[in-house]
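J.: I would like the atomic coordinates for the input below:
(one chain, ligands or ions: 1)
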Amino acid sequence: MRIDVLTLFPEMFDSLRASLIGKAINKNLIDINIINIRDYSKDKHKKCDDYTFGGGNGMLMTPQPIYDAITSIEGYEKAHKIYLSPRGKVFKQNMVSSLTNFDHLILLCGHYEGVDQRVIDLLIDEEISIGDFVLTGGELPAMVIIDCISRYIPGVLGNSESVVDESFSDGLLEYPQYTRPSEFMGLKVPEVLISGDHEKVRKWREEEAKKITKQRRPDIMKN
Ligand code: 21W
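T.: Below is the predicted model:
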C-alpha cells in the first residue's frame with residue numbers, strides 16, 4: 001500500500017519511523033510519503049494561509065498549494081483521498097478494514113481552522129474525524145489512521161500479536177492479563193491462569209471480558 005500525507009508540519013511524522021511502522025517502511029511493506037504543502041505555494045513568501053471571507057476568528061489554508069500538491073501526485077485521480085476533519089465521519093475499527101482495500105491513499109491534514117471548502121469539493125472523497133475532542137490539526141489523526149492500517153498489512157505484526165484475537169473484533173474489551181512474577185507487591189496472579197486447564201482459562205477470560213465490558217462500555221454490550 002502507498003500512503004501520501006499532505007501537511008504543513010512534516011516533522012510531526014518523523015516519529016512514525018520509531019515504531020513498528022518504521023520496520024514496515026524499511027521492509028517495503030508500506031510506502032509512506034510525507035509531502036510539505038508549503039513546497040507547492042506560488043506565493044513569494046510561500047504563504048499557505050489567509051483570513052476567512054465573511055469574517056471570524058482564525059486562519060484558513062488557501063486552496064492553491066493544496067490543489068497543486070495533490071494533483072502533482074502520480075495516480076492521484078484513482079487514489080482514495082481523505083481529509084482529516086472535525087466534522088468528518090467518526091473513525092471506527094470497521095473503517096480500518098475498508099481502507100485496507102485501497103492500494104493508494106492520500107491523507108490531507110488541515111491546520112488552523114481547516115482548508116478552503118473548494119479543495120474538498122474538487123478533490124476529496126471522504127472526511128474522517130477520530131473522535132469528539134478538539135485538536136490543533138489533522139496530523140495526529142492521520143498518524144492514528146496509518147497506525148491502524150499498518151496492523152492489517154501482512155508481515156507488520158508478529159504472529160503473537162495477530163489482528164484476530166483483539167479488542168473490538170469480538171465486540172468485547174480485553175480481559176485482565178498477567179506475566180511473571182506470580183506474586184508482585186503482595187498481589188497474586190489468579191489461580192485459574194496457572195492451573196494449566198486451557199478450557200477453564202478460556203471460560204475465565206470470556207467472563208472477565210464480559211464483566212469489564214458491561215461495566216465500562218455498556219453501549220457496545222448489546223449483542
Ligand atoms: C478543530 C479545526 C476545530 C477547526 C466553524 C468554523 C482533524 C480533528 C481534526 C480544528 C475546528 C480530527 C469553527 C478529531 C479534531 C482537526 C483542528 C473548528 C470552530 N467552527 N478529529 N470554525 N478532532 N482539528 N473551529 O480536532 O483538524 S481530524
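
J.: strands along the chain, start to end?
T.: 2-7, 31-36, 49-51, 59-61, 80-90, 104-109, 126-129, 183-184, 187-188 (DSSP state E).

J.: closest to residue 14 out of those?
T.: strand 31-36 (8.7 Å; C-beta to C-beta). In short, each C-beta sits where N, CA and C put it, glycine included.

J.: pull the closest one out as CSV, backbone CA atoms only.
T.: C-alpha atoms of strand 31-36 as CSV (Å, rounded to 0.1, in the frame of the first residue of the first chain):
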residue,chain,number,x,y,z
ASP,A,31,5.3,3.1,1.3
ILE,A,32,4.6,6.3,3.2
ASN,A,33,5.4,9.6,1.5
ILE,A,34,5.2,12.9,3.5
ILE,A,35,4.6,16.0,1.4
ASN,A,36,5.1,19.5,2.6
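
J.: what sits closest to residue 9 if chain neighbours are left out?
T.: Leaving aside its sequence neighbours, residue 9 sits nearest to residue 139 (C-beta to C-beta, 6 or more residues apart in numbering; 5.6 Å).

J.: thinking that neighbour is in contact with residue 7, fair?
T.: Yes: counting by C-beta atoms under 8 Å, residue 139 touches residue 7, with 5.7 Å between them.

J.: do you know how far residue 28 is from residue 158?
T.: 18 Å (C-beta to C-beta, to the nearest Å).

J.: next one: residue 115
T.: 39 Å.

J.: of these two, who's got more company?
T.: Neighbour comparison, residue 115 and residue 158: the larger count goes to residue 115, with 25 against 8 (by other C-beta atoms under 10 Å).

J.: in the sheet, who's paired with that one?
T.: Note on residue 115: beta-bridge partners by DSSP bridges are residue 61.

J.: could you double-check that residue 48 lies in contact with residue 8?
T.: Yes: if you go by C-beta under 8 Å, residue 48 and residue 8 touch, sitting 6.0 Å apart.

J.: now for the closest residue to residue 143 other than its chain neighbours: which residues touch it?
T.: Leaving aside its sequence neighbours, residue 143 sits nearest to residue 16 (C-beta to C-beta, 6+ apart; 6.4 Å). Contacts for residue 16 (C-beta atoms under 8 Å, 6 or more residues apart in numbering) come out as 22, 25, 32, 143, 146.

J.: same check, this time on residue 49
T.: 59-62, 112.

J.: just residue 27 next, same as before
T.: Residue 27 sits next to residue 155 when contact means C-beta under 8 Å, 6+ apart.

J.: ditto for residue 158
T.: Residue 158 neighbours (C-beta under 8 Å, 6+ apart): none.
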